[in-house]
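*Asks:* Let's see this in three dimensions:
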Amino acid sequence: MTQAAIDAYEPPGIRLGIVRGVSYGLFGPPGTFVPQTRSLGAGIVRAYVYWSQVEPEPGRYRWDVVDALLGQLDGDEEVWITLCSSSPWATRTPTDFLPPSPAHDLNAYAEFVRRVVRRCAGRVHYWQCDNEPSNTDLLWAGTADEYVAQLRVMYAAVKEADPAAAVVLGGCGYDVLGSEAGSEPWRFFAQVLSGGRDAFDLFDVHLYGDTAAVPAHIEAVRELMRAHGCLRPVVVGEYGAPVPFEFPDAQAVMYEVFAEAFTGDAQAQSTDQPAAQSTVQPAVQSTVQPAVQSTVQPAVQSTIELAARARQDTPERRAMAALYARMPQLPPRLRMFMEGCPPELEARRHRINCRQLVACTLQALAAGVRRTLYWNLAPEVPGPADPLQIMHLMFGKLAMLGYRDGELAVRHPAADTFALLTAQLAGARRVTRVQPADPPGLYAFEVERAGRGPLLVLWDRRDTADDTADGEDQPPVPVSWPWPASSATAVDAFGEPLAVEVRDRRLRVAVSGTPVFVSPVVSPGT
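*Replies:* Residues are numbered from 1 along each chain as shown. This next block holds a predicted model:
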């Protein structure tokens, strides 16, 4: 494929966005969330819609969820819908939630897609065929070939109903990127690209964990597309950090406690023995998100089944209870992900979250990505969090907003950092990473902005997993940088101003592990 053909798929400009979650309007009324994302500067929002929500019975369509989303739009934002083939009647695995599975009748699936896309024509820009299909049994209950068959049908239906809309390949997540080349998840995506090379416009990659690995992950999926003759633009449909599997000491303790808990279950109840032996170890030791969840929940998760199991005594809850029972003795880098941790650990996790939000975004943009969406905006539903869910431990504290009196009115530090980042990158045309020789750990990004002066983003890489948490205790390093303007202003990722000096056309500033944004001083009236 020529570069001109590839460019035709590339969405114009750079936009930062936020994912609402995985269950919009599924576990309760479809609430308002787009204005909240807009207030943070997000230019793109992503939400999930399930076949069960739109066509609960054959031929009977409901539009309350879709219309609730459309009613919040003002036309300036881009909208991405992940369309999931989950249905109690239309798919092989009967459920209204997870996992999506192949349709009994592809013609019925095509009609469902056409109807939804026509309803949203001109207002929804991206349509994704399910999510992370290589996470089989949890997020896709089918084979790679069956996913390709459904992808091809969806692509044709979308293009018929709204030719201007783009089709996004189901996300390539940590199960792929965290595994070795040639692993089963990589083979799954290779098979999808082999059979569906002409049935998608954008390739979605999900980036969790170490931000230094972002460029390599993006290049790996590009190389996979090249190998199958279908290079397309990469979009980042999810990213967020920190997560427990970044820290070896936290990961080791989780495995130890969970293994003990599940082994105890196995001794007391012989039916739990397979869980202890065959799934706990890969779930915790490999720390792959879907494996964790599939360890502790049945393959089929409907809204009714999940409600019935809420607060039941399950192996998952017993394992998590065992972890909380040992909380005072756990490593700080694990406790900071737990509810009720000491305030100083809670504050430290927030700071790491803010730093990595900026770092991952800049790394992806410098790698040529033009759409990034943070995971995630807020908890799925109002109410107190359930700390005895493994998925809450892994990802629950990444939410930018929280509920107050049923409304998304609580802003966590990541929300403020995201708003600062979108303001700094407003008008961004290009992000380039510059690799200076000195100091050796410096990350430096130059941002070209339309109608504004240049932006320089700097931070010092604190390279080990320990330093991700503890590097803020290290002293800053002095940086001298060529600077075209006579003055500069600097603010860090927490919104704090930094002292900066410009002399002899060089900028001088002290840089730590916290990203700092440096811009020319704008005189009044300019």
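
*Asks:* check which helix or strand covers residue 23.
*Replies:* Under DSSP states H and E, no helix or strand contains residue 23.

*Asks:* ok, now the one 3 residues further on?
*Replies:* With the criterion set as DSSP H and E, no secondary-structure element contains residue 26; it sits in neither a helix nor a strand.

*Asks:* unless I'm mixing things up, it is touching residue 53, no?
*Replies:* Yes - the pair residue 26 / residue 53 is scored as a contact, 6.5 Å apart, by Cβ atoms under 8 Å. (Glycine included, C-beta is placed from N, CA and C.)

*Asks:* who touches both of the two?
*Replies:* residue 96 (Cβ atoms under 8 Å, 6 or more residues apart in numbering).

*Asks:* what about the helix or strand hosting residue 48, average pLDDT?
*Replies:* Residue 48 belongs to strand 44-50 when assigned by DSSP H and E. For strand 44-50, mean pLDDT rounds to 98.

*Asks:* which residues are in contact with it?
*Replies:* Contacts for strand 44-50 (Cβ under 8 Å, 6+ apart): 15-24, 26, 33-34, 37, 65-66, 69, 77-84, 86-87, 96-97, 100, 116, 126, 131, 237, 371, 373.

*Asks:* more neighbours, residue 26 and residue 53?
*Replies:* Legend: neighbour count by other Cβ atoms under 10 Å for residue 26 and residue 53, higher for residue 53 (24 against 21).

*Asks:* Domain-wise, how is the chain divided?
*Replies:* What automatic domain parsing lists as the domains of the chain is 3-245+346-424, 248-344, 428-519.

*Asks:* and these, which one is worst for confidence?
*Replies:* domain 248-344 has the lowest average pLDDT among those, namely a mean of 70.

*Asks:* what's the first-to-last distance across that domain?
*Replies:* Start-to-end span of domain 248-344 (Cα to Cα, to the nearest Å) is 21 Å.

*Asks:* and if you look at stretch 367-387?
*Replies:* Stretch 367-387 has its terminal residues 36 Å apart, counting by Cα to Cα.

*Asks:* Stretch 488-502 too?
*Replies:* 7 Å.

*Asks:* buried ones in that stretch?
*Replies:* Buried residues in stretch 488-502, counted by 16 or more other Cβ atoms under 10 Å: 488, 490-493, 498, 500, 502.

*Asks:* In strands only, show me those.
*Replies:* 490-492, 498, 500, 502 (DSSP state E).

*Asks:* Which two of these have the greatest separation?
*Replies:* Greatest spacing in those, by Cβ to Cβ: 492 and 502 (18.0 Å).

*Asks:* And the strands in the stretch 251-400 of the chain?
*Replies:* 371-374 (DSSP state E, counting those that start in this stretch).

*Asks:* Can you tell me what sits against stretch 185-196?
*Replies:* Applying Cβ under 8 Å, 6+ apart, the contact partners of stretch 185-196 are 133-136, 144-145, 147-148, 151-152, 169-170, 172, 175-176, 179-180, 221, 224-225, 227-228, 230.

*Asks:* what about the helices in the stretch 151-300 of the chain?
*Replies:* 174-177, 184-196, 214-227, 248-268, 273-274, 280, 289-296 (DSSP state H, counting those that start in this stretch).

*Asks:* can these go into TSV with extra columns for distance to residue 315?
*Replies:* Putting the helices of the stretch 151-300 of the chain into TSV (distance: least, Cβ to Cβ, whole Å) gives the following:
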stretch	distance to residue 315
helix 174-177	22
helix 184-196	25
helix 214-227	32
helix 248-268	5
helix 273-274	11
helix 280	9
helix 289-296	6
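
*Asks:* quick one: residue 491 and residue 501, what's the gap?
*Replies:* 15 Å (Cβ to Cβ, to the nearest Å).

*Asks:* and if you look at residue 30?
*Replies:* Taken as Cβ to Cβ, the span from residue 30 to residue 501 is 52 Å.

*Asks:* Against which helices or strands is the strand or helix carrying residue 18 packed?
*Replies:* Per DSSP H and E, residue 18 falls inside strand 15-19. Here strand 15-19 touches strand 44-50, strand 78-84, strand 371-374, helix 413-424, going by 3 or more Cβ pairs under 8 Å, 6 or more residues apart in numbering; DSSP states H and E.

*Asks:* Please identify the buried residues of the following helix or strand past it?
*Replies:* Per DSSP H and E, strand 15-19 leads on to helix 34-39 as the next helix or strand towards the C-terminus. Residues of helix 34-39 classed as buried: 34, 36-38 (neighbour count, 16+ other Cβ under 10 Å).

*Asks:* Mind putting those residues into JSON lines with distance to residue 365?
*Replies:* JSON lines is the format used below for these (distance: Cβ to Cβ, whole Å):
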{"residue": "34", "distance to residue 365": "23"}
{"residue": "36", "distance to residue 365": "23"}
{"residue": "37", "distance to residue 365": "19"}
{"residue": "38", "distance to residue 365": "21"}
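
*Asks:* now stretch 345-358: how far from the chain's centre is it?
*Replies:* Remark: stretch 345-358 is offset 16 Å from the chain centroid, using Cα atoms, centre = their mean, to the nearest Å.

*Asks:* For that stretch, C-alpha coordinates in PDB please.
*Replies:* Extracted as PDB, the C-alpha positions of stretch 345-358 are listed here (Å, rounded to 0.1, in the frame of the first residue of the first chain):
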ATOM      1  CA  LEU A 345       0.200   6.200  49.400                       C
ATOM      2  CA  GLU A 346      -3.000   7.400  47.900                       C
ATOM      3  CA  ALA A 347      -1.400  10.700  47.000                       C
ATOM      4  CA  ARG A 348       1.700   9.000  45.600                       C
ATOM      5  CA  ARG A 349      -0.400   6.800  43.300                       C
ATOM      6  CA  HIS A 350      -2.300   9.900  42.100                       C
ATOM      7  CA  ARG A 351       1.100  11.600  41.300                       C
ATOM      8  CA  ILE A 352       2.300   8.500  39.400                       C
ATOM      9  CA  ASN A 353      -1.000   8.400  37.500                       C
ATOM     10  CA  CYS A 354      -0.600  12.000  36.400                       C
ATOM     11  CA  ARG A 355       3.000  11.600  35.300                       C
ATOM     12  CA  GLN A 356       2.300   8.500  33.300                       C
ATOM     13  CA  LEU A 357      -0.800  10.000  31.700                       C
ATOM     14  CA  VAL A 358       1.400  12.700  30.200                       C
END
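
*Asks:* Which parts of that stretch count as buried, going by neighbours?
*Replies:* Within stretch 345-358, the residues scored as buried using 16+ other Cβ under 10 Å are 345-346, 348-358.

*Asks:* One more: stretch 390-408?
*Replies:* 390, 392-401, 403, 408.

*Asks:* what's the answer for stretch 304-315, then?
*Replies:* Neighbour counts using 16+ other Cβ under 10 Å place 314-315 of stretch 304-315 among the buried residues.

*Asks:* can you give me the end-to-end distance of it?
*Replies:* First residue to last in stretch 304-315 (Cα to Cα) measures 20 Å.

*Asks:* Same check on stretch 225-245?
*Replies:* Counting by Cα to Cα, you get 28 Å between the two ends of stretch 225-245.
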